[in-house]
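Asks: Got a sequence here, can you model it:
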Amino acid sequence: MNPITLFAFVIAAALGTALIRYLPARYAHHAADPRMQRLLQGVPAAALGALLVTSFHTALPPHYLATTLVALGLAALLSWRPGGVLWPVLGAVLVAAAGLYLHLG
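Replies: This next block holds a predicted model:
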């Protein structure tokens, strides 16, 4: 990749990140519609699911399907408890690491 293309990607990523952070802060003082509030409550779970599925799809070999399913299942179970995304992600990563260790060791 040539330096100009790389620089363009970095600038585009920076602008995208800045925009995503700026807009919620800009309109934070406005009261949101209750339907919009319900919709936004599902965003963390949707983002977590998308991140975990793509991560396991690329990080684990295709023949590790059982490990992938157990890790994603544990993440789904842990996501039901309050407290953010730390425990679902940590649990899924530990299951994936254990699966890799058991298969390779």
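
Asks: use CA for all of it now, contacts and neighbours both
Replies: OK.

Asks: Please enumerate residues in contact with stretch 70-86?
Replies: 44-45, 48, 52-53, 87-89, 91-93, 95-96 (Cα atoms under 8 Å, 6 or more residues apart in numbering).

Asks: go with 6 Å
Replies: For stretch 70-86, the external contacting residues (Cα atoms under 6 Å, 6 or more residues apart in numbering) are 88, 92, 95.

Asks: Ok, stretch 56-69 next?
Replies: residue 99.

Asks: buried set for it?
Replies: 56, 60, 67-69 (16 or more other Cα atoms under 10 Å).

Asks: average pLDDT across it?
Replies: Per-residue pLDDT over stretch 56-69 has a mean of 80.

Asks: Serialize the contacts of stretch 70-86 to TSV and add fields for distance to residue 9.
Replies: Output for those, formatted as TSV (distance: Cα to Cα, whole Å):
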residue	distance to residue 9
88	31
92	31
95	34
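
Asks: per the record, what domains does this protein have?
Replies: When the chain is parsed into structural domains using automatic domain parsing, the resulting residue ranges are 1-30, 41-104.

Asks: with the buried residues of stretch 56-69 in mind, which one is nearest to residue 10?
Replies: Nearest to residue 10 among these: residue 56, at 25.6 Å, using Cα to Cα.

Asks: longest single helix anywhere in this protein?
Replies: If you go by DSSP state H, the chain has its longest helix at helix 3-26.

Asks: still on that earlier bit, farthest pair within the buried residues of stretch 56-69?
Replies: 60 and 69 (11.2 Å).

Asks: tell me the average confidence for the longest helix of the chain?
Replies: For helix 3-26, the mean per-residue pLDDT is 88.

Asks: That helix: how far from the chain's middle?
Replies: Centroid separation for helix 3-26 versus its chain: 19 Å, with Cα atoms, centre = their mean, to the nearest Å.
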